[in-house]
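1. whatever this is, show me its structure:
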Amino acid sequence: MPRSVMFYVQHLLGIGHLMRAAALARRMADDGIDVTLVSGGERVPLLDGSGLEVAQLPPCRATDKSFKVLLDERGREIDDAWRARRRERLLEIFAAVRPDVLMVELFPFGRRQFRFELVPLLEAARRSRPRTPTVTSVRDILVEKNKPERNLEMVEAVNAHIDLVLVHGDPSVIPFEATFPFATSIRDRIRYTGYVVDQDRLKRRQGTAGQDEVLVSAGGGGVGEPLLRAAIAARPMTSLRDLRWRLLAGDTLPGAAFAAIQAAAPDGVTVERARPDFVTLLSNCRLSISQGGYNTVIETLAAGARAVVVPYAGGEESEQTLRAGLLARRGLVGVVSERDLSAGSLAHAIERALEASRPAASGIDLSGTATTATMIRELLEERQKAHQM
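-> Numbers count the residues shown, from 1 in each chain. Below is the predicted model:
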């Protein structure tokens, strides 16, 4: 009997949520599971959908780091008519796929703006016969909530709609309850998977691209311009001034800003858009300088690269700062706060990182993709047995 999973993900500003979901989906596909990855964000050129069925919803994006205003594919603020069309399309995909397991990324711990489609989707899974198990895929750290009552809403939503909460982290680094104080209320549904990194992609890295370079990456979002500019200014202050510095900008960094950074780059500095061979560049570099997004930081640990991290802290974001601090205390990365970012502070952090030995992430569970696939396979097998009874 075919085994199928439908995996919903919505990215709004950066692309980390989508890329992490895709890594999980590819690993499940490698295990012989038919996976339909449903994306609600803008199309991402770097997305590797090999082995997957990728279904694109009418896309929307956030206008800025507050995430309060969402725009549709035509750049207009979304309205009730747009919401109705997208909800209908999502339910059509569910009906066509008829998945054996439904996964949603982050909800109900985030993506509250998308309750208009996610609650009906989860209710459709509950009504199906046999009932479709539901799983939420959530990173290790949640953004702090200004309204404590939201935590109670999340617990109620899990109890109503979610069978399994997969936390993509390691409790020895940070337990889920550290940023979700109501975790004990749903502890019977929580499973830790370890951190998600595409181990197969790391093993397949080939060639010497980026050998002995300084790699500066601003993630897939459009908020990395200050880091890129600070790196250019810091370069002549460091002992790495004679090496090639490669600056990678996300595809959503506005064209005018990208062109201005290229124009400001001196000889020996390459400025380009994000590349699909990022893990190869990361594995070969002398030093990585990056924001603190989940995917980049975990790939850095897996590659064993020396690193300086400048966590993004705009809007209500706190998770990058917290994760980077925890890893810094283990001696795995150097950290410069976004508030203190300057050419001088970055240059100082670079020299300190070079003085340290090459870090090893021993003791941190990086098996998230394989463990998630195993847990989903077990859930599928349980459903199949129940169906045969």
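2. could you pull out the helices for the stretch 201-350 of the chain?
-> 225-234, 255-264, 278-284, 294-303, 319-329, 343-355 (DSSP state H, counting those that start in this stretch).
3. what helices or strands is the worst-scoring helix or strand of the chain on mean pLDDT leaning on?
-> For the chain, counting by mean pLDDT, DSSP states H and E, helix 199-204 ranks last in confidence among helices and strands (a mean of 76). Contacts defined by 3 or more Cβ pairs under 8 Å, 6 or more residues apart in numbering; DSSP states H and E place helix 199-204 against helix 16-30, helix 278-284, helix 294-303. All C-beta atoms are positioned from the backbone trio N, CA, C, and that covers glycine.
4. need those in a markdown table with mean neighbour count, can you?
-> Converted to a markdown table, those look like this (neighbours: other Cβ atoms under 10 Å):
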| stretch | mean neighbour count |
| --- | --- |
| helix 16-30 | 24 |
| helix 278-284 | 21 |
| helix 294-303 | 24 |
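5. any idea how far the residue nearest to R150 when sequence neighbours are not counted lies from V119?
-> Excluding its sequence neighbours, the residue lying closest to R150 (Cβ to Cβ, 6 or more residues apart in numbering) is R112, at 7.7 Å. Per Cβ to Cβ, to the nearest Å, R112 is found 11 Å from V119.
6. T63 reaches G75, doesn't it?
-> No. At 9.5 Å, T63 and G75 do not qualify as touching, with contact defined as Cβ atoms under 8 Å.
7. between these two, which one's more packed in?
-> More crowded of T63 and G75, by other Cβ atoms under 10 Å: T63, with 14 against 8.
8. next up, the contacts around that one.
-> V69, L70, L71 (Cβ atoms under 8 Å, 6 or more residues apart in numbering).
9. quick check: phi and psi on it?
-> With angles defined as degrees, to the nearest 10, T63 sits at phi -80, psi -30.
10. and what of S137?
-> Dihedral angles for S137 - degrees, to the nearest 10 - are phi -110, psi 120.
11. which residue ranges make up each domain of the chain?
-> 4-195+366-388, 203-355 (automatic domain parsing).
12. CA atoms of stretch 109-120 as PDB?
-> Extracted as PDB, the C-alpha positions of stretch 109-120 are listed here (Å, rounded to 0.1, in the frame of the first residue of the first chain):
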ATOM      1  CA  PHE A 109       3.200  27.600  17.700                       C
ATOM      2  CA  GLY A 110       3.300  30.200  14.900                       C
ATOM      3  CA  ARG A 111       1.600  31.200  11.700                       C
ATOM      4  CA  ARG A 112      -1.400  32.400  13.600                       C
ATOM      5  CA  GLN A 113      -2.300  34.600  10.500                       C
ATOM      6  CA  PHE A 114      -3.100  31.400   8.600                       C
ATOM      7  CA  ARG A 115      -5.700  29.900  10.900                       C
ATOM      8  CA  PHE A 116      -8.200  30.600   8.200                       C
ATOM      9  CA  GLU A 117      -6.800  27.700   6.100                       C
ATOM     10  CA  LEU A 118      -4.900  25.600   8.600                       C
ATOM     11  CA  VAL A 119      -7.800  24.900  11.000                       C
ATOM     12  CA  PRO A 120     -10.100  23.700   8.100                       C
END
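13. now for A249: which residues touch it?
-> By Cβ under 8 Å, 6+ apart, A249 lies in contact with A218, G224, E225, L228, F258, I261, V271, E272, R273, A274.
14. who's in contact with the nearest residue to the last one once chain neighbours are set aside?
-> Closest residue in space to A274, ignoring its immediate chain neighbours: L248 at 5.1 Å, by Cβ to Cβ, 6+ apart. With contact taken as Cβ under 8 Å, 6+ apart, L248 is in contact with L215, V216, S217, A218, E272, R273, A274, R275, F278, L281.
15. from D79, how far out is the second one?
-> By that I understand V216. Relative to D79, and taking Cβ to Cβ, V216 is found at 40 Å.
16. these two: who's more crowded?
-> Shown here are V216 and D79; by other Cβ under 10 Å, V216 has more neighbours (30 against 9).
17. show the pLDDT at the residue nearest to R150.
-> Note for R112: predicted pLDDT of 94.
18. look up how far V38 lies from it.
-> Counting by Cβ to Cβ - R112 and V38 are separated by 18 Å.
19. what packs against the longest helix along the chain?
-> Counting by DSSP state H, the longest helix found in the chain is helix 368-388. Applying 3+ Cβ pairs under 8 Å, 6+ apart, one finds that helix 368-388 contacts helix 16-30, strand 101-105, strand 134-139, strand 164-168.
20. one more time with 10 Å
-> Contacts defined by 3 or more Cβ pairs under 10 Å, 6 or more residues apart in numbering; DSSP states H and E place helix 368-388 against strand 4-9, helix 16-30, strand 101-105, strand 134-139, strand 164-168, strand 190-192, helix 199-204.
21. all helices of the stretch 1-150 of the chain, in order?
-> Going by DSSP H, counting those that start in this stretch, the stretch 1-150 of the chain shows helices at 16-30, 80-97, 115-127, 149-161.
22. could you list the low-confidence segments of the stretch 251-389 of the chain?
-> 315-316, 386-389 (pLDDT under 70).
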